[in-house]
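Participant: Have a look; sequence and predicted model below, questions after that.
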Amino acid sequence: MLAQQRQEAILQRVRATGGVRVSELATEFGVSDMTIRRDLDVLAERGLLAKVHGGATSAPPGATDEPGFAAKSARQRAEKTAIAGRAARLVTPGMAVALSAGTTTAELAHRLAGIAGLTVVTNSIPVAEILHRSGRPDQTVVLTGGVRTPSDALVGPVAVAAIRSLHLDLVFLGVHGMTERAGFSTPNLLEAETDRALVDAAERLVVLADHTKWGTVGISSIAPLAGAHTVVSDDRLAEEARQTLRDHVTELVLAEVGE
């Protein structure tokens, strides 16, 4: 049995019974306790269950749970680095691009600091700080106003009004989750509205989402899967997710982790 198949079976068991034990799962699937713990780690990172001593239980819905920027920065570091590296290849000197709030877009900002003549629009305080520290005189950084969220995004009517007057080549969108039904989503209603304004202002939508985002749903949808021209994820993305995305988006790019 493949790891993905085993994890799906574990998740179904948790949803059916409310909880599982590591020892029982190891015996049932004929694998080590350590293998089962790794499976539970993967499912817990996606918010699909909650790890407890000796096993796991059902996770709360979590559609409005919004970790802070620092907490999210510590997750999937290798994947975010790889995704940012591939996404930067889509940008050429002189473009006008937007970066939404998020830890993966912040990682991308470090790479955009080396590209000449860019105009970068963002509602992310960390992204603006990264680009400001680069000190490039040939770049223009536009930080929208707005109300600050736990993820250091600026949202609300002030941000939306500023964005709606712009015309951009690309928008790089970080997301909380992605599924076929909900599309790309976020746990913050105001951030969803601001992100939709960024999407509407750009010619092309590029979504940056590591493999753990698949199957996760936030309370508010930003765009359907088909609304993205390109999705940049990592090579740990499940095969089922790859096929679903290829059925909906123009281009799926899988960054090699550790590349």
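Facilitator: Structure received.
Participant: so where do the strands sit in the stretch 101-250 of the chain?
Facilitator: 119-122, 140-143, 147-148, 154-155, 168-174, 177-179, 183-186, 202-208, 220-223, 230-234 (DSSP state E, counting those that start in this stretch).
Participant: strand partners of the third one, parallel vs antiparallel please.
Facilitator: The pairing partners recorded for strand 147-148 under DSSP bridges are strand 154-155 (antiparallel).
Participant: Then the second one?
Facilitator: Strands adjacent to strand 140-143 in the sheet, as given by DSSP bridges, are strand 119-122 (parallel).
Participant: sorry, back to before: just send the strands of the stretch 101-250 of the chain back as JSON lines, with mean pLDDT too.
Facilitator: Shown next, in JSON lines, are the strands of the stretch 101-250 of the chain (pLDDT from 0 to 100):
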{"stretch": "strand 119-122", "mean pLDDT": "97"}
{"stretch": "strand 140-143", "mean pLDDT": "96"}
{"stretch": "strand 147-148", "mean pLDDT": "92"}
{"stretch": "strand 154-155", "mean pLDDT": "94"}
{"stretch": "strand 168-174", "mean pLDDT": "98"}
{"stretch": "strand 177-179", "mean pLDDT": "93"}
{"stretch": "strand 183-186", "mean pLDDT": "94"}
{"stretch": "strand 202-208", "mean pLDDT": "98"}
{"stretch": "strand 220-223", "mean pLDDT": "95"}
{"stretch": "strand 230-234", "mean pLDDT": "97"}
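Participant: Let me have the ones you listed in TSV, extended by distance to Gln7 and mean neighbour count.
Facilitator: C-betas here are computed from N, CA, C, even on glycine. Below are the strands of the stretch 101-250 of the chain laid out as TSV (distance: least, C-beta to C-beta, whole Å; neighbours: other C-beta atoms under 10 Å):
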stretch	distance to Gln7	mean neighbour count
strand 119-122	35	23
strand 140-143	40	17
strand 147-148	36	14
strand 154-155	34	24
strand 168-174	24	25
strand 177-179	16	22
strand 183-186	21	26
strand 202-208	23	22
strand 220-223	25	22
strand 230-234	17	25
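Participant: Redo those strands as TSV? Include distance to Leu112.
Facilitator: As requested, the strands of the stretch 101-250 of the chain are exported to TSV (distance: least, C-beta to C-beta, whole Å):
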stretch	distance to Leu112
strand 119-122	6
strand 140-143	10
strand 147-148	22
strand 154-155	19
strand 168-174	9
strand 177-179	23
strand 183-186	21
strand 202-208	12
strand 220-223	21
strand 230-234	14
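Participant: Ala44: which of those is closest?
Facilitator: Closest of these to Ala44 is strand 177-179, at 14.7 Å (criterion: C-beta to C-beta).
Participant: hmm, back to that, out of the strands of the stretch 101-250 of the chain, which is closest to Arg246?
Facilitator: strand 230-234 (9.3 Å).
Participant: Walk me through which strands the closest one pairs with, and which way each runs.
Facilitator: strand 202-208 (parallel), strand 251-255 (parallel).
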